[in-house]
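Undergrad: Any chance you can model this:
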Amino acid sequence: MTRTSIAAAALLSLAACQSGPEGPGGTSSEAPGTAFSAIAMDETVNFTGTEPFWGGEVTGETLTYSTPENIEGTTIRVERFAGNNGLGYSGTLDGESFDMTVTPGECSDGMSDRTYPFTVTLQIGAEQRNGCAWSERTPFSGPESP
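TA: Below is the predicted model:
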């Protein structure tokens, strides 16, 4: 089984565990059995997390991942998979597998007064991180960065 297949299976399992196909704002954004389409293929998805701080953006097959130690970030190629209730991105970062899922759901970074429309689960090698995301068509609400 390829890593993409594993990531796809994980995303589908995650979607199956959801209480329903709820999109941003708590309404159904997808008909049952259809691929997630709330984020267009060419749309930029921004993501952020804390403890440790990390973030970046992905557009199409290009993802940039940054940390305070690497503010410019590292750019990698990723494969995108649209599941029933979200997106999966898979690639390799510094020799480690990089698998990220983006699913609808209100999210707080715990550091700002922002509310984000998507949650992120990121797996780099054996380490899992959780964070928030937003896109061009579905922005966060709250104050902009200073």
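
Undergrad: contacts, neighbours, all on C-alpha from now
TA: Noted.

Undergrad: and the residue sitting nearest the centre point of the chain, bridged to which residues?
TA: With distances taken as C-alpha atoms, centre = their mean, Val102 lies nearest the centre of the chain, 3.0 Å away. With DSSP bridges as the criterion, Val102 is bridged to Leu87, Val120.

Undergrad: so it touches Ala133, yeah?
TA: Yes. Taking contacts as C-alpha atoms under 8 Å, Val102 lies within contact range of Ala133: 7.3 Å.

Undergrad: sorry, back to before: can you tell me which residues contact the residue nearest to the centre of the chain?
TA: Gly86, Leu87, Gly88, Phe118, Thr119, Val120, Thr121, Ala133 (C-alpha atoms under 8 Å, 6 or more residues apart in numbering).

Undergrad: most surrounded residue in those?
TA: Ala133 (29 neighbours; other C-alpha atoms under 10 Å).

Undergrad: For that one, give the beta-bridge partners.
TA: Under the criterion DSSP bridges, Ala133 forms beta bridges with Phe47, Phe118.
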